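Enquirer: Kindly generate the corresponding structure for this input.
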Amino acid sequence: SDVYKRQLLSFLLAQSFAVVFSLIYGFLRGILLPVKGRISFKEYRKLGEFILMALSILVFGKVTDFIIRDYAIQSFGMLHTGLWQSVVKLSDGYMMLFINTVGIVYYPQVSSMIFNTDDLRQYLRDVFKIVVVISVTGLFLIYIFREPVLIILYNREFVPAGDLMPLQFLGDFFCIIAYLLTYIISAQARSMTFILLQAASAIFYIILVYTLSSNFGIEGIPAAHAIRYFVLAIILIILNKRILF
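Expert: The predicted model follows:
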């Protein structure tokens, strides 16, 4: 119970910090200003598309995670599921930091340059170089020090979860790449493409989990995670090839 309390407290603190930081940044940059005049139907429709994209992340992201977790509990029991979930929660921690940072720093820049392909291409190349180096270094260091990390965050009983880290971290690396590329789709307001990608990715993940876990046990779930985001990253590279290359 103490472990779950610490996880819940960490989650709430991280979310609260992100909200406070976002509000302060928005006010200082003049982003959050009172709306003047009337909002047209076209603008409402555009806003609705962005809301639908956000809802698709919730539905096809969190709901899928709940389905997979329940499946893991039923198939492998609480012990093995707990080991896998400890790695997932560790992953959620740094992914939350990454997503919040990208949403505040990266996305506005991409949106502002979305119609200037040359500038955007150069900006993306610079960002990808930095992100790849930082993410590979960070994930490698966490894996090297996996035992003390797991003991500090949980307790010594979770040390065997280190065996699940390589595939989970590989999937997280491709997930980071996919996130950067997905924001381009969002900035272009290609809402239907965005939603279809979220739906297809979730369905593909569920199929992979059932298939791989039936053959490889609990290790099949992080393997499915890695394959899911590798395929998604490749698809997004193809969809954005005009901008990237």
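
Enquirer: for the protein, what spans make up the helices?
Expert: Secondary structure of the chain (DSSP state H): helices at 2-28, 41-57, 64-101, 107-112, 117-144, 146-153, 165-187, 191-216, 220-239, 241-244.

Enquirer: Can you tell me which of those is nearest to Val159?
Expert: Val159 lies closest to helix 146-153 among the helices of the chain, at 5.5 Å (CB to CB). (C-beta placed from N, C-alpha, C; glycine too.)

Enquirer: count of neighbours near Ala223?
Expert: By the criterion of other CB atoms under 10 Å, Ala223 has 23 neighbours.

Enquirer: mind starting the numbering at 319 from now?
Expert: Got it, first residue is 319 now, which makes that one Ala541.

Enquirer: hang on, isn't it packed against Asn533?
Expert: No. Using CB atoms under 8 Å, Ala541 makes no contact with Asn533, being 9.7 Å away.

Enquirer: so where's this structure uncertain?
Expert: Low-confidence segments of the chain, defined by pLDDT under 70: 319-341, 343-368.

Enquirer: Would you mind measuring from Phe476 to Leu468?
Expert: Going from Phe476 to Leu468 by CB to CB, to the nearest Å gives 5 Å.

Enquirer: list residues touching both of those two?
Expert: Ser404 (CB atoms under 8 Å, 6 or more residues apart in numbering).

Enquirer: And those two? Which one has more around it.
Expert: More crowded of Phe476 and Leu468, by other CB under 10 Å: Leu468, with 23 against 20.

Enquirer: Quick check: buried residues in stretch 445-465?
Expert: 445, 449, 453, 457, 460, 464 (16 or more other CB atoms under 10 Å).

Enquirer: Please read the previous query as pertaining to stretch 526-534.
Expert: So for stretch 526-534, counting by 16+ other CB under 10 Å, buried means 526-527, 530-531.

Enquirer: Contacts for it, please.
Expert: Counting by CB under 8 Å, 6+ apart, 386, 389-390, 393-394, 537-539, 541-542, 545-546 sit against stretch 526-534.

Enquirer: same thing but 6 Å
Expert: With contacts defined as CB atoms under 6 Å, 6 or more residues apart in numbering, stretch 526-534 is touched by 386, 538-539, 541-542, 545.

Enquirer: possible to save the buried residues of stretch 526-534 as JSON lines with distance to Gln506?
Expert: Converted to JSON lines, these look like this (distance: CB to CB, whole Å):
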{"residue": "Leu526", "distance to Gln506": "28"}
{"residue": "Val527", "distance to Gln506": "31"}
{"residue": "Leu530", "distance to Gln506": "33"}
{"residue": "Ser531", "distance to Gln506": "36"}
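
Enquirer: Tell me the one of the residues you listed nearest Gly379?
Expert: Val527 (14.4 Å).

Enquirer: Can you convert the buried residues of stretch 445-465 into a markdown table and add a column each for distance to Gln427?
Expert: A markdown table is the format used below for these (distance: CB to CB, whole Å):
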| residue | distance to Gln427 |
| --- | --- |
| Val445 | 8 |
| Val449 | 13 |
| Ser453 | 19 |
| Leu457 | 24 |
| Ile460 | 28 |
| Arg464 | 34 |
